[in-house]
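Student: Have a look at this fold, sequence not included:
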């Protein structure tokens, strides 16, 4: 049996705002309502199911592997929006990208405060 991730629930202060942030930044299809969630489908059929929480949102980390072309497009949108971003997960290198493992990577936050990362090499 091959085990793979099907979905995960992402708590957000406003699920519509957070889902739209991701779909717009990553050029993904619009989120689809699934019960109380808004599901964002990634290219590998994993969904991020955004939910309005009944409790305070604690920041999580979500990393997305992208192609070089996707990195250029997403990073361009990060710059266009003036989003704070860092080359490292501890936010000590603001306004930079990293070149770890021969690829490129960058960290930034979504509207709920989650730490997002795009990288071209694992």
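Tutor: Thanks, I have it. Just so you know, these numbers come straight off a predicted model, no measurement behind them. Numbers count the residues shown, from 1 in each chain.

Student: Now do the strands in the chain.
Tutor: 7-11, 32-34, 37-41, 47-51, 61-65, 85-86, 105-109, 115-119 (DSSP state E).

Student: so which of those strands comes closest to residue 18?
Tutor: Residue 18 sits nearest to strand 47-51 of all the strands of the chain, at 5.3 Å, using Cβ to Cβ. Every C-beta, even on glycine, is put in place using the N, C-alpha and C of the backbone.

Student: how about residue 22, what does it touch?
Tutor: Residue 22 makes contacts with 28, 40, 48, 110, as judged by Cβ atoms under 8 Å, 6 or more residues apart in numbering.

Student: how about a cut-off of 7 Å?
Tutor: 28, 40, 110 (Cβ atoms under 7 Å, 6 or more residues apart in numbering).

Student: Now do the same for the nearest residue to residue 119 once chain neighbours are set aside: its pLDDT.
Tutor: Counting by Cβ to Cβ, 6 or more residues apart in numbering, residue 119 lies nearest to residue 105, which is 3.8 Å off, once chain neighbours are set aside. Listed pLDDT for residue 105 reads 98.

Student: Which residues are in contact with residue 57?
Tutor: Counting by Cβ under 7 Å, 6+ apart, residue 57 has contacts 11, 12, 13, 112, 113.

Student: cool, and residue 51?
Tutor: Going by Cβ under 7 Å, 6+ apart, the list of residues near residue 51 reads 9, 11, 12, 15, 36, 37.

Student: Can you select the buried ones from these in PyMOL?
Tutor: In PyMOL syntax, the buried subset of the contacts of residue 51 is picked out as below (16 or more other Cβ atoms under 10 Å):
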select buried, resi 11+12+15+37
